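Undergrad: Here is my input; please provide its structure:
(one chain, ligands or ions: 1)
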Amino acid sequence: MKILVTGGLGFIGSHTTIELIAKKHEVVIVDNLVNAKIDVLTILEGITNETIPFYPYDVTNYEKMSEVFQQHQFDGVIHFAGLKAVGESVEKPLEYYQNNLISTMTLTQLCREHAVHKFVFSSSATVYGDQESPLMEHFELKKTTNPYGETKAMCERILSDVGHARPAFEISLLRYFNPIGAHESGLIGENPNGIPNNLMPYITKVAKGELSKLNVFGDDYDTVDGTGVRDYIHVVDLAKGHVAALEHLTKGVHIYNLGTGKGTSVLELIQTFEAVNHVNVPFEIVARRAGDIATCYSDASKAKEELHFVAEKGIAEMCRDAWRFENNQLN
Ligand code: UFG
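TA: Presented below is the predicted three-dimensional model:
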């Protein structure tokens with residue numbers, strides 16, 4: 001299939017591009033480079049041994065995106081492009097609603113105009129809000145704690161309504177849990193600008209000595225050791241989940257969790273990282289971070305049954321691959 005990948009130079013988009021090409025799909029990337037580097041394109045072309053058509057456009061720009069749809073007859077779209085920093089979304093809600101909603105609506109409109117019916121959307125476990133894990137796709141969604149999460153929930157609703165109004169559409173809403181790790185080549189991975197917000201990129205910077213210590217946000221949660229529990233999934237597994245979702249699309253709107261079904265605490269992740277990489281990660285327990293929940297992990301059985309997708313890589317591999325990528329960084 002010929003697939004448009006928006007945000008294809010970002011963390012999850014780049015890994016998914018590799019897995020799509022490995023399964024003989026053709027990829028066209030649109031990425032406005034707001035949170036990605038153009039060098040990733042060259043690296044992707046090196047890894048896949050393919051030339052990948054690339055447009056540095058903003059997905060909210062209907063005219064520019066229209067050009068792309070005129071130049072290529074797509075079989076499907078995987079829509080990753082979006083703003084994704086939880087804290088920033090609280091400071092700049094309008095930018096988040098404007099960017100994340102308009103990009104999704106622009107793409108959906110173009111898909112309708114060009115009879116592109118396969119649509120895979122990058123959603124998040126954050127849409128579940130604070131409710132008891134394991135989280136299942138049929139759970140009623142609860143209020144999310146930040147505008148970023150709200151944009152994901154709203155995009156899910158928009159796509160669901162479009163899918164119901166236009167039965168030709170085949171839509172998959174993928175709710176990611178916590179993607180970490182990196183490609184085994186060590187050439188692509190998560191490379192946030194500035195001080196990282198998320199746990200794994202922060203750990204790798206501390207291990208490398210670029211940051212002095214990790215702040216562990218709270219040890220008084222009702223969890224195995226008091227620290228937050230999350231369902232970490234290797235980004236390469238997550239990428240394979242997208243290919244499975246794309247290849248199993250059928251008419252209608254489908255929702256899948258992409259996680260491992262297992263929870264890991266912050267302290268467990270630190271200990272595994274130290275053990276497999278033989279490095280120290282100094283940390284200090286500090287106050288809880290506003291908006292965090294104690295526990296969030298998936299019930300991964302629907303993706304297993306319907307997409308035949310099971311995440312294969314464990315925490316040790318995630319820690320090893322994240323560290324390998326960090327050590328390849330020149331900065
Ligand atoms: N944590 C720390 N110290 C840090 C960073 C994080 O202790 O410096 C803890 C958090 O309190 C939490 C865990 O590590 O318990 C994971 O935190 P992350 O920031 O890595 O991830 P979140 O689970 O908070 O959020 C992630 C994505 C969101 C997405 C959400 C879905 O960042 O985009 O998962 O559940 F919405």
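Undergrad: For the rest of this, base every contact and every neighbour count on C-alpha atoms.
TA: OK.
Undergrad: what bits of this protein have low per-residue confidence?
TA: By pLDDT under 70, the weakly predicted segments of the chain are 330-331.
Undergrad: So which elements touch the helix of greatest length in it?
TA: With secondary structure taken from DSSP state H, the chain has its longest helix at helix 93-113. When contacts are defined as 3 or more CA pairs under 8 Å, 6 or more residues apart in numbering; DSSP states H and E, helix 93-113 sits against helix 62-71, helix 147-165.
Undergrad: What parts of this structure come near the ligand?
TA: Proximity of the chain to the ligand, by CA under 6 Å from any ligand atom, involves residues 84, 124-126, 177-178, 197-199, 202, 214-217, 228-229, 266, 292.
Undergrad: So which of these belong to strands?
TA: Where the residues of the chain next to the ligand overlap with strands, as defined by DSSP state E, the overlap consists of 124, 178, 214-217, 229.
Undergrad: out of the residues you listed, which is most surrounded?
TA: With neighbours set by other CA atoms under 10 Å, the maximum within these is found at residue 229, which has 24 neighbours.
Undergrad: how close does that residue sit to residue 117?
TA: As for residue 229, its distance to residue 117 is 37 Å (criterion: CA to CA, to the nearest Å).
Undergrad: Please apply the same query to residue 240.
TA: Relative to residue 117, residue 240 is positioned 21 Å away (CA to CA).
Undergrad: Could you do residue 139 as well?
TA: The value you get for residue 139 to residue 117, if CA to CA is used, is 26 Å.
Undergrad: who's more crowded, the two?
TA: More neighbours sit around residue 117 than around the other of residue 139 and residue 117, counting by other CA under 10 Å; the figures are 23 against 10.
Undergrad: which residues in the stretch 1-150 of the chain form helices?
TA: Taking DSSP state H, counting those that start in this stretch, the helices of the stretch 1-150 of the chain run over residues 11-22, 39-48, 62-71, 86-91, 93-113, 147-165.
Undergrad: Which residues outside the first one are in contact with it?
TA: By that I understand helix 11-22. Helix 11-22 is contacted from outside by 5-8, 26-27, 40, 44, 47-48, 80, 183, 188-191, 235-236, 238-240, 242-243, using CA atoms under 8 Å, 6 or more residues apart in numbering.
Undergrad: buried set for it?
TA: Within helix 11-22, the residues scored as buried using 16 or more other CA atoms under 10 Å are 11-21.
Undergrad: Pairing partners for residue 229 in the sheet, please.
TA: When bridges are taken as DSSP bridges, the partners of residue 229 come out as residue 265, residue 295.
Undergrad: thought it was touching residue 264?
TA: Yes. Using CA atoms under 8 Å, residue 229 is in contact with residue 264, at 5.1 Å.
Undergrad: List the contacts of the nearest residue to residue 73 once chain neighbours are set aside.
TA: For residue 73, the nearest residue in space outside its immediate sequence neighbours is residue 2; the separation is 7.5 Å by CA to CA, 6 or more residues apart in numbering. Taking CA under 8 Å, 6+ apart, we find residue 2 in contact with 25-28, 73-76.
Undergrad: Quick one: buried ones out of the residues you listed?
TA: The neighbour count (16+ other CA under 10 Å) marks 26-28, 74-76 as buried among the contacts of residue 2.
Undergrad: Tell me which entries of those lie within strands.
TA: By the criterion of DSSP E, membership of those in strands covers 26-28, 76.
Undergrad: how far does stretch 117-128 stretch from start to finish?
TA: 27 Å.
Undergrad: So residue 273 is in contact with residue 321, correct?
TA: No. In this structure, residue 273 is not within contact of residue 321 by CA under 8 Å, at 10.2 Å.
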